[in-house]
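# Need a 3D model of the sequence below.
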Amino acid sequence: MITSTLGKLFPPPSAEVSVWMDAPPAEVWDLVSDVTRIGEFSPETFEARWRRGYDGPEVGAKFKGHVKRNGVGPTYWSACTVTACEPERVFEFSVGTDDVAVNNWGYRMEPKDGGTLVTEYFRLETNLPLRVYWTALGFLRRRTNEKGMRTTLERMKAVVEGGSRE
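Presented below is the predicted three-dimensional model:
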């Protein structure tokens, strides 16, 4: 009962952006699942690296992302764990510690019209403090995240379609 009441009081904290790319899912997969390349595309995460003992995408693999919040700061490292990994379909990871995840980011790929419809999404965890934050200030962060996701996907699109990055 409490969970359903919270769900009504505080809407699900998430958003997504989709961009069609004139490339097969395999090419898109190579970009979205290679976390070491995120700095080429993201306006906030300027580098990432696999943690010791991991060297590629698989459920449970750990990496860390170097983030410059809102593109201006503060700058910090985020611990990440791959939570879904289906080649050419979905790549998702949680951000936070093993004990406390803060949010989840991911990419879905769907073959469409001879190319791939790529959707980047984020989802905050559903604990009460994050829901309260999202209700109070989420509209600002949602707008920033949606703009950042569109920028990331458009930069990936330029690479897989053979164009230059803007």
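
# Tell me who's in contact with Glu110.
With contact taken as Cβ atoms under 8 Å, 6 or more residues apart in numbering, Glu110 is in contact with Pro25, Thr116, Leu117, Thr119. The C-beta positions use only the backbone N, C-alpha and C, and glycine is treated the same way.

# May I have the beta-bridge partners of it?
As for beta bridges, Glu110 partners with Leu117 under DSSP bridges.

# any idea how far it lies from Ser42?
22 Å (Cβ to Cβ, to the nearest Å).

# Tell me which residue is most central in this protein.
Trp105 (3.1 Å; Cα atoms, centre = their mean).

# so that one, which of the three states?
When classified by DSSP: H, G, I helix; E, B strand; the rest coil, Trp105 comes out as strand.

# and if you look at Gly73?
Relying on three-state DSSP, one would call Gly73 coil.

# What is the neighbour count of it?
Other residues lying near Gly73 total 9 when counted by other Cβ atoms under 10 Å.
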